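> Prediction below, plus the sequence it came from.
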Amino acid sequence: MLGVFLRGDATNRIAWLSVLALIVTSVLLLWSPSAATQTAFQSLYVVDQFAVFLKVLVLIGSALTIIMSLDYIARENMRRFEFPILLLFATLA
């Protein structure tokens, strides 16, 4: 909603807020207590050290993608705040 109300140059603000959200999520994942392997939904969802590592890897990759795309968005004059939000939703999936 912030991008809608800021109208003009909201792309950079939304992009950096998205990067901040991804970094905070990575830190929270790394600080979570993970003493043993945990399962849910009849072992369809597994949380262990390797799963946490891969989640952090995907979050860092998404944050780097947003940062690297800022120059391209400015160069191609695609000032749309939806791109970082779509990348966040893709990461969430």
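Arrived safely, thanks for sending. It should be emphasised that the depicted structure is a prediction, and the values quoted were computed from it without experimental measurement.
> Okay, and the beta partners of residue 47?
Beta-bridge pairing of residue 47 under DSSP bridges involves residue 38.
> what's the spacing between the longest helix along the chain and its chain's center?
In the chain, taking DSSP state H as the definition, the longest helix is helix 49-75. A distance of 7 Å separates the centroid of the chain from that of helix 49-75, by CA atoms, centre = their mean, to the nearest Å.
> And the next helix or strand past that helix?
Downstream of helix 49-75, the first helix or strand assigned by DSSP states H and E is helix 82-92.
> quick one: that following helix to chain centroid distance?
For helix 82-92, the distance to the chain centre is 7 Å (CA atoms, centre = their mean).
> contacts for that helix?
Helix 82-92 is contacted from outside by 3, 11, 14-15, 17-19, 21-22, 58-59, 62, 65-66, 69, 73, using CB atoms under 8 Å, 6 or more residues apart in numbering. All C-beta atoms are positioned from the backbone trio N, CA, C, and that covers glycine.
> buried stuff in stretch 14-26?
Neighbour counts over stretch 14-26 (16 or more other CB atoms under 10 Å) mark 14-15, 17-19, 21-22, 25-26 as buried.
> Spatially central residue in this structure, please.
residue 22 (4.0 Å; CA atoms, centre = their mean).
> Let me see the contact set for that residue.
59-60, 62-63, 66, 88, 91 are the contacts of residue 22 under CB under 8 Å, 6+ apart.
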